[in-house]
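Chemist: here is my input, please return the structure:
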Amino acid sequence: MSTDLDRLFGKLADRVDAVAPPALDQVRRRARQRQRGTALTVVATCLAVISAAVGMKLLLTPTPSVDPTPPALPPATSFTAFDGSVAPVLRYPGPVRFGATSTIGDRAYAMWMAEDGTEWVGGIDLTTRRPLWPALSLGKFGDTNGMQVSAGAILLLTEQGYDNPLIKDGADTIVVVDPATGKVAWTLPYSFNDCDWAVFADTVVLSCPDKGTVQGLDLRTGEARWSTTGAAVADGVNAVQGLDGFFPRHGWSEEPSTSDQVVLHLTDGQVQVRDAASGAVVKQLSMPVLNGGQEVVVDGVLYQFTGTTSRSIALDGSAAPVDATLPVPAGEARLYPCGAGGRFCAVANVGDERATVTMVDVPAGRTVWQVEVATQARDLIPSAAGLLVPGQRSTVLGLDGSTLAELDGNAMWLESGNLLVLDGKTVVGYQLATREKIELAQLPGARYCSWNSTMLTCPTTEGIGVYRYAG
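Modeler: Just a heads-up that it's a prediction; the model follows:
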């Protein structure tokens, strides 16, 4: 499989060199949980034990259902026009077929694949707009699935590394680079299509069917910190997080989970809540497996979908598993968490220029609303401000199904809830509250950009550029 936008993310259904970008949905889907984790601290006093128990209850207790209401639109972003012709910070040594970036704080990281198959990785200090270290060549590969970045590691998801000294037998391989030095730290064979993983601040939790186990690996060294005695089901590795953990913040690429706990659904039906760093079992439940489905953990509930059936269980153990009927078959459209209390949304194309978006109340087994949008949808990207359906023409819906904006070009959420739109060579800022479109720059070749609150990092035709777009 190959990389592309629209997990934000989107559905990596096309090849990386396709004319229209697919989406990082498969990357997002498998590494959905993108926030930072920390190890549990063992405490001895009664007060600390009580505090930990209260915190765990808040983390695992399901959130009650709330009917969608018209959104409160975010304050308008103070967009700033910039010169897209300035020299890139990292210049490509030759023609490139694909590039992507990821931003964490005042650091941005980039990977790109040259036309000859050579994969490169680089880092940028956004404060000085200078490289952190010389761009590193990883050698030649047949394909790429992009990258994931945490504060402690850059994970390059490579494919088909034949005749590459880093790779054994040409297998799909995770190549991990130290973001502080730009040096390869470790490598690990895996299967992008078959393995599931969740990235935390200093740990990656990885499940591959052929290994028959789930492992927690130290991000800096690749050494196993812990492992299970059984394998997880497909999609059965998820970080414990709230609804806002599924909202994009800094770009198309995945971010590490801010949670410090992971949920494993094992093939024997056991559901384990573990500390991601130590592997300590925090809670153990049981939920029979629905084979061939999608699994999501959100707001203290594990959801499993297959066909027209949903199954869910509260992670605090307050109730037995609950089955319900899905009004939108899970096999026809992927379900995205988009509202409190088990509200999920799905998008399905119904023609060359039309798609339907549906909000479903999963516990109740009912459709909350369904609307049609005038776009060939590549993905569905929820946020606190609404739902983004990106494509050659992008639509923004409120959580009540109302249309907030229709935009020419491929749109992406900013941290503020406003949007950047890539329309051909033009980068446009869009303010939801004022409905004002502000042309920011001409930026040929920009696709898989990333950002913080003021700085935008984009692959262009010549290299990786950094631009001040706001503030």
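
Chemist: tell me the average confidence for the lengthiest strand in the chain?
Modeler: For the chain, the strand reaching the highest residue count under DSSP state E is reported as strand 130-140. Confidence over strand 130-140 (mean pLDDT, whole number) is 96.

Chemist: same for the helix or strand following that strand, what does it pack against?
Modeler: Next helix or strand after strand 130-140 toward the C-terminus (DSSP states H and E): strand 143-150. Using 3 or more C-beta pairs under 8 Å, 6 or more residues apart in numbering; DSSP states H and E, the elements in contact with strand 143-150 are helix 25-30, strand 96-104, strand 107-114, strand 153-159. The way it works is simple: take the backbone N, C-alpha and C, and place the C-beta from them, glycine included.

Chemist: now render the ones you listed as a markdown table, adding mean pLDDT.
Modeler: Shown next, in a markdown table, are these (pLDDT from 0 to 100):
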| stretch | mean pLDDT |
| --- | --- |
| helix 25-30 | 39 |
| strand 96-104 | 92 |
| strand 107-114 | 96 |
| strand 153-159 | 92 |
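
Chemist: out of these, the one nearest V273 is which?
Modeler: helix 25-30 (19.5 Å; C-beta to C-beta).

Chemist: roughly how far apart are T118 and G242?
Modeler: 40 Å (C-beta to C-beta, to the nearest Å).

Chemist: same thing with I104?
Modeler: 20 Å.

Chemist: out of the helices and strands packed on strand 143-150, flag the one nearest G351.
Modeler: Taking the helices and strands packed on strand 143-150 one by one with C-beta to C-beta, helix 25-30 is closest: 20.6 Å.

Chemist: show me the shaky parts of the stretch 151-300 of the chain.
Modeler: 169-170, 252-255 (pLDDT under 70).

Chemist: now do the strands in it.
Modeler: 153-159, 173-177, 184-189, 196-199, 203-208, 213-218, 224-227, 232-239, 261-266, 270-275, 281-286, 294-298 (DSSP state E, counting those that start in this stretch).

Chemist: what bridges to W197?
Modeler: Listed by DSSP bridges, the beta-bridge partners for W197 are L206.

Chemist: buried residues in stretch 108-126?
Modeler: 108-114, 117-124, 126 (16 or more other C-beta atoms under 10 Å).

Chemist: closest to D163 among those residues?
Modeler: Nearest to D163 among the buried residues of stretch 108-126, with distances taken as C-beta to C-beta, is G117, at 10.2 Å.

Chemist: how about the closest one, what does it touch?
Modeler: K140, F141, G142 (C-beta atoms under 8 Å, 6 or more residues apart in numbering).

Chemist: the same query, at a cut-off of 6 Å, please.
Modeler: K140, F141 (C-beta atoms under 6 Å, 6 or more residues apart in numbering).

Chemist: and L443, by the same measure?
Modeler: Here L443 is in contact with G84, V427 (C-beta under 6 Å, 6+ apart).

Chemist: could you say which one of the strands of the stretch 151-300 of the chain comes nearest to V322?
Modeler: For V322, the closest of these is strand 281-286, at 12.8 Å, according to C-beta to C-beta.

Chemist: would you mark the buried spots in the closest one?
Modeler: For strand 281-286, by 16+ other C-beta under 10 Å, it's V282, K283, L285.

Chemist: could you list the paired strands of that strand along with their orientation?
Modeler: When DSSP bridges is applied, strand 281-286 pairs with strand 270-275 (antiparallel).

Chemist: got the contact list for the partner strand?
Modeler: 40, 261-265, 281-287, 315.

Chemist: report the angle between that strand and strand 203-208.
Modeler: 160 degrees (axes from the mean of the first three to the mean of the last three C-alpha atoms, to 10 degrees).

Chemist: distance between strand 270-275 and the chain's centre?
Modeler: Distance, stretch centre to chain centre, for strand 270-275: 22 Å (C-alpha atoms, centre = their mean, to the nearest Å).

Chemist: next, the angle from it to strand 261-266.
Modeler: Using the same axes, to 10 degrees, strand 270-275 lies at 160 degrees relative to strand 261-266.

Chemist: export strand 270-275 as PDB, just CAs?
Modeler: Provided in PDB are the C-alpha atoms of strand 270-275 (Å, rounded to 0.1, in the frame of the first residue of the first chain):
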ATOM      1  CA  GLN A 270     -10.000 -10.800  26.400                       C
ATOM      2  CA  VAL A 271      -9.900  -7.000  26.500                       C
ATOM      3  CA  GLN A 272      -6.800  -5.600  28.400                       C
ATOM      4  CA  VAL A 273      -6.200  -2.000  29.400                       C
ATOM      5  CA  ARG A 274      -2.400  -1.700  29.800                       C
ATOM      6  CA  ASP A 275       0.100   0.900  30.700                       C
END
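
Chemist: how about it: buried residues?
Modeler: Q270, V271, Q272, V273, R274, D275.

Chemist: can you tell me the closest non-neighbouring residue to the third one?
Modeler: So that's Q272. Spatially, and ignoring its direct neighbours in sequence, Q272 is nearest to L264 (4.7 Å; C-beta to C-beta, 6 or more residues apart in numbering).

Chemist: can you pull the contacts of the one you found?
Modeler: V214, A232, Q272.

Chemist: my guess is the second one contacts Q215. True?
Modeler: Pointing back at A232 there. No: taking contacts as C-beta atoms under 6 Å, A232 lies outside contact range of Q215: 10.5 Å.

Chemist: when those two are compared, which one has more neighbours?
Modeler: A232 (26 against 20; other C-beta atoms under 10 Å).

Chemist: list just the nearest of the buried residues of strand 270-275 to Q160.
Modeler: For the buried residues of strand 270-275, the nearest to Q160 is R274 (33.0 Å; C-beta to C-beta).

Chemist: that closest one and G216, how far apart?
Modeler: The span separating R274 from G216 equals 8 Å under the rule C-beta to C-beta.

Chemist: and of the buried residues of strand 270-275, the nearest to R468?
Modeler: D275 (39.8 Å).

Chemist: kindly state the beta-bridge partners for the closest one.
Modeler: Beta-bridge partners of D275, as defined by DSSP bridges: Q261.

Chemist: what's near enough to touch the residue nearest to E462 when sequence neighbours are not counted?
Modeler: In space, and not counting its chain neighbours, E462 is closest to P88: 5.3 Å by C-beta to C-beta, 6+ apart. P88 sits next to E462, G463, I464, G465 when contact means C-beta under 6 Å, 6+ apart.

Chemist: now with 10 Å?
Modeler: For P88, the contacting residues are A110, I124, T457, C458, P459, T460, T461, E462, G463, I464, G465, V466, by C-beta atoms under 10 Å, 6 or more residues apart in numbering.

Chemist: what number of residues lie near the fifth one?
Modeler: Here the count is done by other C-beta under 10 Å, and P459 has 26 residues near it.
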